[in-house]
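Quick one: sequence plus predicted model below, questions after.
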Amino acid sequence: MEKNCIYLDNNATTKVDPQVLEAMLPFLTDYYGNPSSMHSFGGQLAKDVRIAREQVAAILGAEASEIIFTSCGSEGDNAAIRAALLAQPEKRHIITTQVEHPAVLNVCKQLETQGYQVTYLSVDGRGQLDLNELEASLTGNTALVTVMYANNETGVIFPIEEIGARVKEYGALFHVDAVQAVGKIPLNLQTSTIDMLTMSGHKIHAPKGIGALYVRRGVRFRPFLIGGHQERGRRAGTENVPGIVALGKAAELELLHLDETTTRERKLRDRLETALLKQIPDCEVNGDTTQRLPNTTNIGFKYIEGEAILLSLNKYGICASSGSACTSGSLEPSHVLRAMGLPYTTLHGSIRFSLCRYTTEAEIEQVIAVMPEIITRLRALSPFKNDDAGWLQQQSQLTHH
Ligand code: PLP
């Protein structure tokens, strides 16, 4: 197994911070009790769970009682959407966006088959929403508006409070998928319009298998997972104490280093982006560069396949990602980039680089050193270099749309 690489795929998942690992390990070895037990061996862990809840609340600017531990971001999204609908059975309309993560989009699609009406708001070429479209879609029948804070593929940040202000005028609940925003943007839910917010541990240097859902005090919440009375009856299942402790520690570290990390990541990301745009012809940044996560850049390289770029980068031990998913033998371009209406010439050749606090200058320089050669070589192999019409025709034969 490969161990060392230049890891620029931190929006997919992150490395566990050594301090996080150290904090959680005793709960896998010595302190393995069940915090709901009557005996003190288990019961003593309730204190550690409480501390972690406070640490998670702190990074969100929330109260500890407003935090429910979950298993991941997908669970948080599912739980929030279902809870909002169960709490308002008379309302049958949901508003979301075309660029959400599948953890929201696929729940909405299923709800449509169950009689709900769903509005999927469009985005413009920069990946931004039109708030007039939101206003025109809101009605008294709207139960929920569920919108992501920042996009996982482009890093584009939505104007959450402006959206929330409109949502509140119509009395709907407001859920925000902040899986990509937590730890990258300062948050203060006490002064926010957000009713529910999802976060995930493995995006902030905690392990996979732990997440949290914020539910504003006073918001009616019906549990998604039903069973025991853990999490004050809001999420059944024996607490994942090592994961919870890890999430608490990870949140504490993110908050502690937030300013320093974002400044550093932005500088390195901008260095990478500027150098690539300068050295490589026919490429451009996808998405709004003014409202964007500091760690993310998504660049479209014309006339080549993103997968070919990824494979070449992989040979140099560089991990990045492309928006496309290889489904049933055809390369479907990312739904996010498609919703943005990107031209077909760049749609298939888009690469996301996502940094973290461990990314070094030397790693960025290494990527800058190899990318021009990779792109030149792949373009030389492409029969359609500089031929928009030919490329377009080939792509339409390869894909379903
Ligand atoms: N929402 C967004 C915006 C994400 O980027 C992800 C993961 O990539 C999720 C939800 C799902 O989170 P998890 O992998 O913890 O289920």
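Great, that's in hand. Bear in mind the structure is a predicted one, so any value in this text is a computation, not a measurement.

Give me the helix or strand of the chain that scores worst on average pLDDT.
Confidence across the helices and strands of the chain bottoms out at strand 325-327, with a mean of 51, counting by mean pLDDT, DSSP states H and E.

Please name the nearest non-neighbouring residue to the residue in the chain that the ligand sits nearest to.
Shortest the chain-to-the ligand distance, computed as CB to the nearest ligand atom: residue-wise this is Gly73, at 2.5 Å. C-beta: built from backbone N, CA, C; applies to glycine. The shortest distance from Gly73 to any non-neighbouring residue, by CB to CB, 6 or more residues apart in numbering, is to Ser200 (3.3 Å).

what about the one you found, how many neighbours?
Other residues near Ser200 come to 28 when the count uses other CB atoms under 10 Å.

contacting residues for it?
With contacts taken as CB atoms under 8 Å, 6 or more residues apart in numbering, Ser200 has the following neighbours: Cys72, Gly73, Gly76, Val179, Val182, Ile210, Gly211.

Wait, the second one touches Met199, no?
Yes. With contact defined as CB atoms under 8 Å, Gly73 reaches Met199; the gap is 6.8 Å.

shared neighbours, those two?
Here Gly73 and Met199 have Val179, Gly211 as joint contacts, going by CB under 8 Å, 6+ apart.

Tell me which of those two has more neighbours.
Residue environment comparison for Gly73 versus Met199 gives the larger neighbour count to Met199, 32 against 26, counting by other CB under 10 Å.

Identify the bridge partners of the more buried one.
Beta-bridge partners for Met199, by DSSP bridges, are Ala212.

Does it touch Val182 like I think?
Yes. Distance between Met199 and Val182: 4.4 Å, which falls inside the contact criterion (CB under 8 Å).

Glu2: how many residues sit nearby?
Neighbouring residues of Glu2 were enumerated by other CB under 10 Å; the total is 7.

do Pro89 as well
Residues lying near Pro89 (other CB under 10 Å) number 8.

what are the phi and psi values for it?
phi -60, psi -20 (degrees, to the nearest 10).

wait, does the biggest helix by length in the chain contact the ligand?
For the chain, the helix reaching the highest residue count under DSSP state H is reported as helix 241-279. No. With CB under 6 Å from any ligand atom as the measure, helix 241-279 is seen stopping short of the ligand, the closest distance being 11.2 Å.

Listing partners with orientation, what would you give for the helix or strand just after that helix?
Going down the chain from helix 241-279, the next helix or strand is strand 283-285, by DSSP states H and E. When pairs are called by DSSP bridges, strand 283-285 turns out to pair with strand 296-301 (antiparallel).

what's the angle between the partner strand and helix 241-279?
Counting by axes from the mean of the first three to the mean of the last three CA atoms, to 10 degrees, strand 296-301 lies at 40 degrees to helix 241-279.
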